Structure formats: structure tokens, C-alpha cells
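A.B. asks: Quick one, what's the 3D model for this:
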Amino acid sequence: MLPPRLKSVDACHHPPYNNTMKPSRSEFHAIRGIRYHVRSWGDAAAPKLFLLHGWMDVSASFQFLVDAFQHDWCVI
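C.D. replies: This next block holds a predicted model:
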């Protein structure tokens, strides 16, 4: 049973959950002798959105965020 404050939430105002993962591309770039992995999602011609994760994290941790976007972005 939902708490009283959640009973009034109108599900019509929330987008439907999409359980499909958007595909990503991987590229590797050598900069000053260090090999960097760059993951990107979406059409390269779409508006760019640059995400940077912290140390000991991985780019795949952004997958849930990319999947939730309602508009096309080129996420790098």
C-alpha cells in the first residue's frame, strides 16, 4: 500500500519507462602517451552533452541517464 502522499501522484505526467538500452560506441585516444577510453551515445550531429565521471567510476555508469533522455543528444 502506498503512503498517503504518494496516492495523489498522477502517472500520466511521468514518461513511460523504457527498458531498452541505447547503444554506445567506444573509441580510444592516446594523449601524451596515455590511452584514454571515450564512450559516446547518439547521433554525432545532435546537440552535444559532455559527461565526466570521477575517479574509480566508469562511463557505463551513465547508461541509465542516457536511456532516460527524451530528446536526441550526442552524449560524450
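A.B. asks: Mind telling me what element residue 45 is part of?
C.D. replies: Following DSSP states H and E, there is no helix or strand that holds residue 45.
A.B. asks: Look up how far residue 73 lies from it.
C.D. replies: 11 Å (Cβ to Cβ, to the nearest Å). (Glycine included, C-beta is placed from N, CA and C.)
A.B. asks: what about these two, which has more around it?
C.D. replies: Using other Cβ atoms under 10 Å as the criterion, residue 45 and residue 73 rank with residue 73 on top: 16 against 8.
A.B. asks: And that one, what's its pLDDT?
C.D. replies: Looking at residue 73, its pLDDT stands at 95.
A.B. asks: Could I get the contacting residues of it?
C.D. replies: 41, 42, 46, 47, 48, 49, 66 (Cβ atoms under 8 Å, 6 or more residues apart in numbering).
A.B. asks: Tell me the bridge partners for residue 41.
C.D. replies: Residue 41 has the following beta-bridge partners by DSSP bridges: residue 24, residue 75.
A.B. asks: Would you check that it makes contact with residue 22?
C.D. replies: Yes - counting by Cβ atoms under 8 Å, residue 41 touches residue 22, with 5.3 Å between them.
A.B. asks: any common contacting residues for those two?
C.D. replies: residue 66.
A.B. asks: The two: which has the busier surroundings?
C.D. replies: The residue with more neighbours, out of residue 41 and residue 22, is residue 41; 24 against 14, by other Cβ under 10 Å.
A.B. asks: Give me the phi and psi for the residue nearest to the spatial centre of the chain.
C.D. replies: With distances taken as Cα atoms, centre = their mean, residue 66 lies nearest the centre of the chain, 2.1 Å away. Dihedral angles of residue 66 (phi, psi; degrees, to the nearest 10) stand at phi -60, psi -40.
A.B. asks: How about the contacts made by it?
C.D. replies: Taking Cβ under 8 Å, 6+ apart, one finds 22, 24, 41, 42, 73, 75 in contact with residue 66.
A.B. asks: before we move on, what about residue 75?
C.D. replies: Per Cβ under 8 Å, 6+ apart, neighbours of residue 75: 40, 41, 42, 49, 50, 51, 62, 66, 69.
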